[in-house]
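K.L.:
have a look at this prediction, sequence included:
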Amino acid sequence: MKLNDIAEIVDGHIIVNSTGGSPDIVSVCSTDLMSDVLRFATKGALLVTALNQSQVIRTAEISDIPAVLMVMGKKMEREMIELAMEKNIALMVTHLPAFTVCGMLYAGGLRSCLED
């Protein structure tokens, strides 16, 4: 699924788009614990989180996650946005909570990064 499709589903706004075009998102990982991302996320997943610090982008880079969705309209640190641009990781925000976002994306066809 493309970022524009995800943004439309969750009423989101793309803050940083990757320079290589819209990445193809294959699954969703929703957590605020970056250790869980490192352990469970799969390549090509969308990371849904309320954690608004640059460590999210660093974790996404290590885990081959091409895009991060910030929930509950959280404001991102300037450093986080700049790092996302530098690392070519897409960044978007929605006013909705993570639970709702995950349900909407599931209904839209995306599955958990833990599903086979």
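P.N.:
Noted; the coordinates are in hand.

K.L.:
dump the residue contacts of the residue most central in space within the chain.
P.N.:
Note on the chain: the residue nearest the mean C-alpha position is Val68, at 2.1 Å, using CA atoms, centre = their mean. Residues counted as contacts of Val68 (CB atoms under 8 Å, 6 or more residues apart in numbering) are Leu46, Leu47, Thr49, Val56, Ile57, Ala60, Ala84, Ile89, Ala90, Leu91, Met92. (Each C-beta comes from the backbone N, C-alpha and C, glycine too.)

K.L.:
which one of these sits closest to Met104?
P.N.:
Leu46 (12.0 Å; CB to CB).

K.L.:
would you agree the closest one is in contact with Val28?
P.N.:
Yes. Contact criterion CB atoms under 8 Å: Leu46 and Val28 qualify, at 5.0 Å.

K.L.:
so these two - more neighbours on which side?
P.N.:
Leu46 (29 against 26; other CB atoms under 10 Å).

K.L.:
list the contacts for the more buried one?
P.N.:
Contacts of Leu46 by CB under 8 Å, 6+ apart are Ile6, Ile25, Ser27, Val28, Cys29, Ile65, Pro66, Ala67, Val68, Leu69, Leu105, Leu110.
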